[in-house]
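Chemist: need a 3D model of the sequence below.
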Amino acid sequence: QGNMAFAGKYEFESDENYDDFVTKIGLPSDKIEMGRNCKIVTEVVQNGNDFTWTQHFPGGRSTTNTFTIGKEADMETMGGRKFKATVKMEGGKIVAEFPNYHHTAEISGGKLVEISTSSGVVYKRTSKKIA
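Modeler: Numbering: from 1, shown residues only. Predicted coordinates:
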């Protein structure tokens, strides 16, 4: 099934414009340093339109967002801020409006490609499938 394509575990492979982006969204410098070239493992559990999206950070910290496509959900940003968002599916991409950035995620060539845009700065993170 095309819509089941997200399920799996993905390990950070590369990113673009990280520093510009995290500075733009106001992450504190200690968090910026922690996240740079960080081998984040993203784990996605998908059941139809229901998703559990967990990011595991080195050192045991993790962030989980649980959402259903088309329904408002309680979410958390990279910086740990709580907010409400309605996640959509557009052309096979997951699309979410965070408080200060627009985020998309898609599976492309077997990799998880996430793009966040804030005030014209585009941050792209690519993760390879490990499970």
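
Chemist: a helix runs through C38, doesn't it?
Modeler: No. Looking at C38 with DSSP: H, G, I helix; E, B strand; the rest coil, it is coil, so not inside a helix.

Chemist: surely it meets R61?
Modeler: No. Between C38 and R61 there is no contact, the gap being 10.5 Å when judged by C-beta atoms under 8 Å. Every C-beta, even on glycine, is put in place using the N, C-alpha and C of the backbone.

Chemist: the more surrounded of those two?
Modeler: Between C38 and R61, C38 has the larger neighbour count (other C-beta atoms under 10 Å), namely 15 against 10.

Chemist: after the worst-scoring helix or strand of the chain on mean pLDDT, next one along is what?
Modeler: One helix or strand of the chain scores below all others by mean pLDDT, DSSP states H and E: helix 29-35, with a mean of 84. Going down the chain from helix 29-35, the next helix or strand is strand 41-47, by DSSP states H and E.

Chemist: got the contact list for that following strand?
Modeler: 3-4, 6-12, 51-56, 112, 127, 130 (C-beta atoms under 8 Å, 6 or more residues apart in numbering).

Chemist: select from those every entry located in strands.
Modeler: Residues of the contacts of strand 41-47 located in strands (DSSP state E): 8-12, 51-56, 112, 127.
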